[in-house]
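> give the three-dimensional model of this entry:
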Amino acid sequence: MSYNVKVIIPTVGLAGMLVALLACSGDDDDASTNVDPRCVQLCTIKEPSRPDAYDICSEQSARTCRSTCAARLTGTSGACSQCLLDKAYFGAYEPGASCSGRSTECGGGTQCTLTGSGGKCSYCENDPSRRDACIREAHPRRTIDCTAHYEPVSACASFCS
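So this is what the prediction gives:
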């Protein structure tokens with residue numbers, strides 16, 4: 001969040017202006033402010049296994065995740081809050097390849113196919129350079145909106161009564 005700061009009184013001096021500027025430069029979306037540490041941990045953006053491929057969650061979706069998680073825990077404690085976060089997940093899905101049996105195109109080796117947002121491509125299982133190129137082609141790096149997934153609240157009824 002940004003603020004426009006106008007200094008009207010010139011006698012404040014440089015130190016006074018610096019204090020005023022620093023006081024107005026806080027970030028209301030700071031993950032560490034008033035958020036349960038378990039929500040911060042759950043909603044941390046995880047870097048995909050490859051720096052040049054696969055989807056990554058947006059900063060906004062991580063903020064939304066922290067808010068949703070905090071709301072989920074409001075008024076709970078102990079075993080109830082733990083149950084509400086059990087099996088929770090936040091992150092982008094990193095798909096694997098579909099590999100078929102022996103292929104003449106692969107000299108009798110196994111052929112694998114990837115399908116993703118960038119399209120579909122195939123490679124021979126024993127060709128790592130083609131596999132890497134295929135991953136980048138089928139799953140180009142994108143920043144996406146992610147949603148946290150939780151077990152139903154009803155699963156925690158015995159802990160949250």
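
> how about the nearest residue to C43, chain neighbours excluded?
C65 (3.6 Å; Cβ to Cβ, 6 or more residues apart in numbering). Yep, even glycine has a C-beta here, placed from its N, CA and C like the rest.

> tell me the pLDDT of that neighbour.
Looking at C65, its pLDDT stands at 98.

> got it, and A53?
Per-residue pLDDT puts A53 at 95.

> what sits opposite it in the beta ladder?
P140 (DSSP bridges).

> wait, doesn't it sit right on H139?
Yes - the pair A53 / H139 is scored as a contact, 4.8 Å apart, by Cβ atoms under 8 Å.

> and the longest helix along the chain, what does it pack onto?
As assigned by DSSP state H, the longest helix anywhere in the chain is helix 59-73. With contacts taken as 3 or more Cβ pairs under 8 Å, 6 or more residues apart in numbering; DSSP states H and E, helix 59-73 sits against helix 37-42, helix 78-85.

> pull out the buried residues from stretch 52-64.
Across stretch 52-64, burial judged by 16 or more other Cβ atoms under 10 Å covers A53, Y54, D55, I56, C57, S58, S61, A62, R63, T64.

> over to stretch 83-101?
Across stretch 83-101, burial judged by 16+ other Cβ under 10 Å covers C83, L84, L85, A88, F90, G91, A92, A97.
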